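Asks: Quick one, what's the 3D model for this:
(chains A and B)
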Amino acid sequence: MPQNADHVLDHFDLFRQPEYREMLANKKKNFENPVAEAELQRVVEWTKSWDYREKNFAREALTVNPAKACQPLGAVFAAVGFEGTVPFVHGSQGCVAYYRSHFSRHFKEPSSCVSSSMTEDAAVFGGLNNMVDGLANTYNLYKPRMISVSTTCMAEVIGDDLNAFIKTAKSKGSVPENYDVPFAHTPAFVGSHITGYDNVLKGIFEHFWGGKAGTVEKLTRVPNEKINFIGGFDPYTVGNLREIKRIFDMMGFEYTIIADNSDVWDTPTDGTFRMFDGGTTIEQMNEAVHAKATVSMQEYCTEKTLPYIANEWKHETVAFNHPISIAATDKFLMEISRLTGKPIPDQLRLERGRLVDAIADSGAHIHGKKFALYGDPDLCIGLTEFLLECGAEPTHVLSTNGGKAWAEKVEGILAASPFGQNCHVYPLRDLWHMRSLLFTEPVDFLIGNTYAKYLERDTGTPLIRIGFPIFDRHHHHRYPVWGYQGGLNVLVWILDRIFEVIDQNTIVPAHSDFSYDIIR
Amino acid sequence: MSSVSATIQNVFNEPACPKNAAKSEKERKKGCTKQLQPGGAAGGCAFDGAKIALQPITDVAHLVHGPIACEGNSWDNRGAYSSGSTLYRTGFTTDINETDVVFGGEKRLYKAIKEIIEKYNPPSVFVYQTCVPAMIGDDIDAVCKAATKKFGTPIVPVNSPGFVGPKNLGNKLAGEALLAHVIGTEEPDYTTPYDVNIIGEYNLAGEMWQVEPLLKEIGFRILSCISGDAKYHEVARAHRARATMMVCSKAMINITRKLEDLYGIPYFEGSFYGIGDMSDSIRQLAQLCIDRGAPPEFMDRAEAVIAREEKLAWDEIMSYLPRLKGKKVLLITGGVKSWSVVAALQEVGMEIVGTSVKKSTKEDKERIKELMGEDAHAFDDMSPREMYKMLRDAKADIMLSGGRSQFIALKANMPWLDINQERHHAYSGYKGMVDLVKEIDKALYNPIWNQVRTIAPWSNPADSWQAKADAEAAREAAELAADPAKAEAKRRARKICNCKTIDLGTIEDAILASTLTTVEQVVETTHAGSGCTGCRGKIGDILADLAAKAGGPVVELTPEEAEARRRSKKICNCKEVTLGTIEDVVRAERLTTVAEVTAATDAGSGCTGCCEDIEEILDAIVAPAEELTAIAAE
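Replies: Numbering: from 1, shown residues only, chains lettered A, B, ... in the order given. Sure thing, here's the model as predicted:
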């Protein structure tokens, strides 16, 4: 056998050896009761057909390859954006391990997060003891400035009352009475990660501004000239928030970034482990109530938070849909300029001109290309607008966590552009639906997260990785996709893939390499 | 270096070029390309010209003898495609170092050739001379000769070091290298009456491949294409073709003409761009073959293919016509022949509102005029401000431009399409025209132009540079209108001759003062037009304008006055010797040679620039005198 103790082969090589190939073939033949090759191929081809697509889209109960994550994941995303804050997930510890690994795989950073480690008896008798012990341990072990409590399904199903539990824990001395423990109910069986983000953020606002669950007086708002900025659940948070700060600093006004997780997911290697880094401070949160306006970069990530701030606290609120395109970025900056009364500096005008220049320089390669894309609702809108601006056709726009209202919004955007005429929106659909779309109505490129690599493999549609999570490519989260600099990054990612495909198609020696050029 | 300068002189003598043939011996020696102006942004050098002309020969090892700069910057930088060998894409250089510069690089070159033969065994190695080895005196001809003898493989020296001149000269020197060392060195296995050469076609973006199948279908055999997708042995057999089509204007005219001189192969200049031009080229090529013995029915075959292909192309193009008809194009292009593109665009109903004529020859300009009519503007060089003005006046919807001017186009807020050598779409042949139309359509309707043409939405329109340029232009115009003297000064300050920096006023004054009537006189008097000669057309216009204004001779002179003026014309500017002085001396002392005149009057002892004029004076006086003597003797 090729595998022996003197020279152990790894999986890349081992099963490619002739002995293994033969063995696996024999196993299939003799023990797997395989169907005839022709029949296999017939079914494979059938899954690519319109007939299959219709059956696929008639699915009612089953979700196959969902393009969304759960509420608690979004809850953790929001919680780590506050200074010295440990996200505390009330529920089973297994869920929490998922969030930590998910974020670590995406950001290539440690993600600290604790759970109340509920077990079977807790499920039967309630998780109060787990809350009491958990808060005490978290407080003493990690010395956080704040513990942000959210839940998993387990706690939600048995109906644990976070407000009461936290009060009880405080009275039992788990944490000091005046210690900040904001909370939010975040069941995974409702919504998606963007809902969890929204709920936790709203919970934290309610906590600080709304009297800390009835334990102190509500704050009194004295409007000032500051602006609050909420990024939403954003896989590019590291690059984006730093870019937003650069832009706001250039414009020269006072602002507060709410849930600023750009540093905690990009800590330097310098001999110090930082469980916490950066983040919005408690003082900033208290101060933020006085802001004249609150801006959300992702409407569908703040569906509850923003109305709460508008209605309860009378902030002017403005929501965007993940602006990437020139026009969307223009609108964003002009709104900020209007809110703050600050002119848009010349530097941004130059950056805008440079992005226009870059698109014009190489836009011909994108122009006329067909794209399929999926992702969170706001990201889909941002990308759709950007593609239309480049003359591309976003033929299939799909979102598992985008609903009917979102679909109508995207349809409106498509209808307004000559390049959106044959494009369709698919709300509440999954990646198996996307597979049928790609087979029956093929496109030139696919934009999606890491999981789209299976679609790329099955359908041969070249994948451009933009979204969450990106596990198999490193460090893209360090680059902004907002601001004109962000638009430039998105442009480059798309172009890189387009040129790679041209090269791939021309690289075969003595077959196609007559067109394998060094200049593209 | 003597051989290089001899070759260059040889190249400068081009009887097939009417412009060249019309020049005096002395002017011809100066060469036919615009002199490079120190301090100006310049194009490629002669080495680059030679390299790009020959690099498309695919199975040859192209070895650049020089420091890394020359090959490092030019390695595989052209999209000239190959259907076979990819050896031409491998970068070979001797990469000489300091020691080689001190001790000479010939041995290194010889070894490099040896290693190429051992490792690649190509049918030939082309060795390109560059500035440094040329300056230290490396004799690549000798090395190539020795290597050819030793290895039994033809090693071809391409003597075109960068400093000898610009790219265009390098194209021609490359042609000379082929003529001297390659063409005619092998015989084809057989010949047919349909054997043709295509010269000046480089198969950029595979353009030749869109033409070749049609030519083959008609029955042509492309014996040799120089140099697109060429193989060494094909080039070596080019001298047995029946006819030649010259594609890229004058770049390789020397090969074409010498094939005619030496081997009697007739040629014509044609284009594969545009449907009409493509069909005409096929017809002309067929006719040349028929003239030389192919059966007349051959034309029927050609016409059948032309009819079919034209219909196919038109059917496809018609679908774009509604979107393109009436769109106005500004053409800023170098390499691809302007006039062929002009014809092509008109076929799809587009209107050309202007074209640059940079790099175009005088005939090109004439052709552009012919095709576009008198209204169209040809711009020698267009400033971004002028480009913008065209756009603002809604005169242009799109600019077709070369790889470098594309950027100017963009800054001028203009949609553009790249149609020069760095493009990646093939626009030749019938299919190419369809592709060009498709690309123009795409470029015109690309949504980014909306962004390009509008300023940042928060900006004050009055602050844009366009608005400022308008305001500035308006202010200038108003100022000039208010002050005729200033306007006149501005008019007179327009620079006519860039080489010698001579303005309009100087030329007008000279014309009026000395009643000059011909361009030559103006050149002699003012020296305008004595450099690159590019402004001589303008000088002609000035003469015509003044003559028209004056409504005839400016002043009536008495015969005595006229004679005095004639005699006062300065012949030698250096020594300030007038025509009268020279005539008097020649008559009085019966001088017959320029040397005698120079000895007697000092005329011609300075820059020697007037020696030809002195010769003419001698001819005018001596010839009648000799006649008289002859009559008297009878």
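
Asks: State the distance from B:Asn460 to chain A.
Replies: B:Asn460 sits 10 Å away from chain A, going by Cβ to the nearest Cβ, to the nearest Å. Heads up, the C-betas are built off the backbone N, CA and C, glycines and all.

Asks: so how many other residues sit close to that residue?
Replies: For B:Asn460, the neighbour count with other Cβ atoms under 10 Å in any protein chain shown is 9.

Asks: cool, and the one 3 residues further on?
Replies: By the measure other Cβ under 10 Å, the count of residues near B:Asp463 is 12.

Asks: Residues contacting the stretch of helix or strand A:Tyr139 belongs to, please?
Replies: A:Tyr139 belongs to helix A:128-142 when assigned by DSSP states H and E. Residues from elsewhere that reach helix A:128-142, judged by Cβ atoms under 8 Å, 6 or more residues apart in numbering or on different chains: A:86, A:88, A:90, A:112, A:114-118, A:122, A:144, A:147, A:149, A:160, A:162, A:165-166, A:168-169, A:172-175, A:179, A:181, A:275.

Asks: What average pLDDT does it get?
Replies: The pLDDT scores in helix A:128-142 average 95.

Asks: Just give the nearest non-adjacent residue to the residue of the stretch 51-200 of chain A found nearest chain B, would you?
Replies: Residue nearest to chain B within the stretch 51-200 of chain A: A:Ala67 (27.9 Å; Cβ to the nearest Cβ). In this structure, A:Ala67 finds its nearest non-sequential neighbour in A:Thr400, 4.2 Å apart by Cβ to Cβ, 6 or more residues apart in numbering or on different chains.

Asks: what pLDDT does the one you found get?
Replies: Confidence score, pLDDT, at A:Thr400: 95.

Asks: Next, give phi and psi for it.
Replies: Note on A:Thr400: backbone dihedrals following degrees, to the nearest 10 are phi -80, psi -30.

Asks: Within range of chain B, give me the residues from chain A.
Replies: Contacts of chain A with chain B, taken as Cβ under 8 Å from any Cβ of the partner chain, map to A:326-327, A:330, A:333-334, A:337, A:343-344, A:348-349, A:352-353, A:356-357, A:359-361, A:363-364, A:367-368, A:388-391, A:417-419, A:509, A:513-515, A:517-520.

Asks: Cross those residues against strands and list the overlap.
Replies: Residues of the residues of chain A next to chain B located in strands (DSSP state E): none.

Asks: Can you tell me which of the residues you listed are buried?
Replies: A:326-327, A:330, A:333, A:337, A:344, A:348-349, A:352-353, A:356-357, A:359-361, A:363-364, A:367-368, A:388-391, A:417, A:419, A:513-514, A:517 (16 or more other Cβ atoms under 10 Å in any protein chain shown).

Asks: Which parts of chain A are strands?
Replies: Along chain A, counting by DSSP E, strands occupy A:85-90, A:114-115, A:146-151, A:227-230, A:255-258, A:293-296, A:316-319, A:370-374, A:393-399, A:424-427, A:445-448, A:463-465.

Asks: and the spatially closest residue to B:Asn13 that is not a sequence neighbour, how many residues sit next to it?
Replies: For B:Asn13, ignoring the flanking residues on the chain, the nearest one in space by Cβ to Cβ, 6+ apart is B:Arg28 at 6.2 Å. Counted by other Cβ under 10 Å, the residues lying close to B:Arg28 total 16.

Asks: To what extent is the nearest residue to A:Val43 once chain neighbours are set aside buried, counted in neighbours?
Replies: Of all residues not flanking A:Val43 in the chain, A:Val35 sits nearest, at 7.9 Å (Cβ to Cβ, 6+ apart). For A:Val35, the neighbour count with other Cβ under 10 Å is 11.

Asks: now swap in the one 3 residues further on and tell me
Replies: A count of nearby residues for A:Ala38, using other Cβ under 10 Å, gives 7.

Asks: May I have the predicted confidence score for it?
Replies: A:Ala38 is given a pLDDT of 96.

Asks: One more: B:Pro415?
Replies: The model's pLDDT for B:Pro415 equals 75.

Asks: could you list every residue that touches it?
Replies: Applying Cβ under 8 Å, 6+ apart to B:Pro415 gives the contacts B:397-399, B:409, B:443-444, B:446, B:449, B:452.

Asks: out of those, who's near chain A?
Replies: Filtering the contacts of B:Pro415 for proximity to chain A by Cβ under 8 Å from any Cβ leaves B:443, B:446, B:449, B:452.

Asks: Which strand or helix spans the last one?
Replies: Looking back up the chat, that one is B:Val452. Following DSSP H and E, one finds B:Val452 within helix B:448-453.

Asks: repeat for the first one
Replies: With the criterion set as DSSP H and E, the secondary-structure element containing B:Ala443 is helix B:429-444.

Asks: pLDDT on that helix, on average?
Replies: Averaged across helix B:429-444, pLDDT comes to 85.
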